[in-house]
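Novice: below is the sequence, then the predicted model.
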Amino acid sequence: MIGFSHDRGKRAAAAPVTLFRKLSGALRGFARQTRGATAVEFAIVATPFFMLLFGVMELGLLFMASTTLDAATVDAARNIRTGAMQMSGSSSAASFQADVCSHMSWLSSTDCSANVVVDVRTFATFGTIASTPPVTNGALDPTLTTYDPGTSCSIVLVRVFYPYTLYTPLVDPGLPNLGPNQHLLTSAAAFRNENYSGALPCT
């Protein structure tokens, strides 16, 4: 009976040690597991990576839209400078807008006619040209625009505006200047009309 009690005491004393060893082994095995590490690491870097990627794409599209708008403005303004628009018999803000939209293939005709705003006006001298955007309460205001292509030798300022919608949160804080998530693209061309009427030379 005495020996039996002694063995049972030894086993009872060894039980916590064995349990601790098993627990320690399990914890070390868990720490060595790396099968899910890649997924966890990707989850950590995925959000900033994709935000950066989409931000670069957004800026690229914005640059393309701005460049296209500049080219369309220059091409359409040439018809005013040479007098082709004035002598066509259909010179109006709508016809000039349609001329601009015809050079912007990335925009549908409906989107272009609904969002592109044109402003054409004449000045006595180049020094008196003013270029305040036609914006009221953070939105384009067509009532602040006019269409006056002038005549031979007139000094003309042509401006075209387009509200570009931003979709990437990364670039939203630095670019919006028209309203929430919108950046105002502006293209302008200032010139003196050619002497297309054949009258006195331009002075």
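Specialist: Happy to help now that I have it. Residues are numbered from 1 along each chain as shown.
Novice: please make it C-alpha for all contacts and neighbour counts, starting now.
Specialist: Noted.
Novice: quick one: average pLDDT of the longest helix seen in the chain?
Specialist: Counting residues, the longest helix found in the chain (DSSP state H) is helix 37-81. The average pLDDT for helix 37-81 rounds to 85.
Novice: what's it packed up against?
Specialist: Applying 3 or more Cα pairs under 8 Å, 6 or more residues apart in numbering; DSSP states H and E, one finds that helix 37-81 contacts helix 93-101, strand 155-165, strand 182-192.
Novice: nearest to Gly83 among those would be which one?
Specialist: Among those, the nearest to Gly83 by Cα to Cα is strand 182-192 (11.0 Å).
Novice: shaky segments in the protein?
Specialist: Residues of the chain meeting the criterion pLDDT under 70: 1-17, 19-39, 169-176, 199-200.
Novice: if we use 50, what do you get?
Specialist: Counting by pLDDT under 50, the chain contains low-confidence residues at 1-4.
Novice: dump the helices and strands packed on helix 37-81 to a markdown table, plus mean neighbour count and distance to Ala65.
Specialist: Below are the helices and strands packed on helix 37-81 laid out as a markdown table (neighbours: other Cα atoms under 10 Å; distance: least, Cα to Cα, whole Å):
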| stretch | mean neighbour count | distance to Ala65 |
| --- | --- | --- |
| helix 93-101 | 19 | 12 |
| strand 155-165 | 21 | 8 |
| strand 182-192 | 19 | 8 |
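Novice: can you put the ones you listed in CSV and add distance to Leu62?
Specialist: Below are the helices and strands packed on helix 37-81 laid out as CSV (distance: least, Cα to Cα, whole Å):
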stretch, distance to Leu62
helix 93-101, 17
strand 155-165, 8
strand 182-192, 9
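Novice: I appreciate the help and will end here.
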